[in-house]
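Novice: turn this into a structure:
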Amino acid sequence: MNRLRTIAVLAALSSTMLLPAANADTSSSSNVRPIQIEIKPNPATGQTTEQDNIAERYKRDNLPGSLKHLYVIAPKSGVAILYSTVQGKVTSGGKRLTPRSTIEKYDCGKDCVHYEGQRVLIGGAEYVTTEIMQDDGTYGSSAPYLYWFDAQGRYHQHFFTDGQIIAIVDQPLANKRVIINADIAAGKR
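Specialist: The predicted structure follows:
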């Protein structure tokens with residue numbers, strides 16, 4: 001499991017080290033200057049690898065009848081403490097079908113109404129919001145995670161938290177052993 005934690009740390013570090021912030025001062029006393037790299041798209045799709053991965057995840061997440069496998073893994077022992085099948089996909093509690101906030105329309109005169117945002121229908125009434133619907137058709141945000149497709153085309157998604165590692169895969173892991181440790185001595189006085 002340390003290897004998984006290392007992958008997450010390396011991914012986070014590489015993304016912050018490779019892309020300077022938009023307003024960052026990139027001058028340096030060592031005369032090191034930022035470089036620009038041309039990323040060539042996949043000739044078959046016309047998209048970058050990152051775009052292909054995102055599109056493939058959306059396709060797989062929305063396949064009718066798709067099945068995934070969820071494992072909650074103890075970070076210190078690497079033992080699966082919970083296993084469950086998942087019909088479709090796991091959805092973050094931060095995702096919504098409607099925006100969290102709306103704004104007022106304002107009248108600018110006869111037969112003229114200005115909108116400062118996107119029009120949405122909620123319960124049959126029209127509202128305006130500054131939130132933008134995401135590619136997956138929802139508003140809100142997901143918990144941070146990594147996902148990838150391995151060399152055999154299998155999907156892996158890992159969430160890292162302080163107390164556990166959550167793994168979601170489209171095929172069962174080789175070891176489905178689940179161990180639950182309960183210390184009954186803690187309740188005795």
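Novice: any regions of the chain where pLDDT drops low?
Specialist: Along the chain, the parts satisfying pLDDT under 70 run over 1-28, 105-109, 112-115, 175-189.
Novice: need the helices for it, in chain order.
Specialist: Along the chain, the stretches classed as helices by DSSP state H are 2-18, 49-61.
Novice: what's opposite residue 86 in the beta bridge?
Specialist: Taking DSSP bridges as the rule, residue 86 bridges to residue 68.
Novice: does it really touch residue 168, like I thought?
Specialist: Yes. Look at residue 86 against residue 168 with Cβ atoms under 8 Å: they come within range, at 6.7 Å. The way it works is simple: take the backbone N, C-alpha and C, and place the C-beta from them, glycine included.
Novice: what touches both of the two?
Specialist: Shared contacts of residue 86 and residue 168, defined by Cβ atoms under 8 Å, 6 or more residues apart in numbering, comprise 68-70.
Novice: among those, which ones are buried?
Specialist: Neighbour counting by 16 or more other Cβ atoms under 10 Å classes 68-70 among those as buried.
Novice: residues touching residue 142, list them.
Specialist: 92, 94-95.
Novice: and the gap between it and residue 98?
Specialist: 17 Å (Cβ to Cβ, to the nearest Å).
Novice: got it, and residue 50?
Specialist: Separation of residue 50 from residue 98 (Cβ to Cβ): 29 Å.
Novice: okay, the two: which has more neighbours?
Specialist: residue 98 (16 against 9; other Cβ atoms under 10 Å).
Novice: how about the nearest residue to that one, chain neighbours excluded?
Specialist: Nearest in space to residue 98, with sequence neighbours left out and distances taken as Cβ to Cβ, 6 or more residues apart in numbering, is residue 122 at 5.2 Å.
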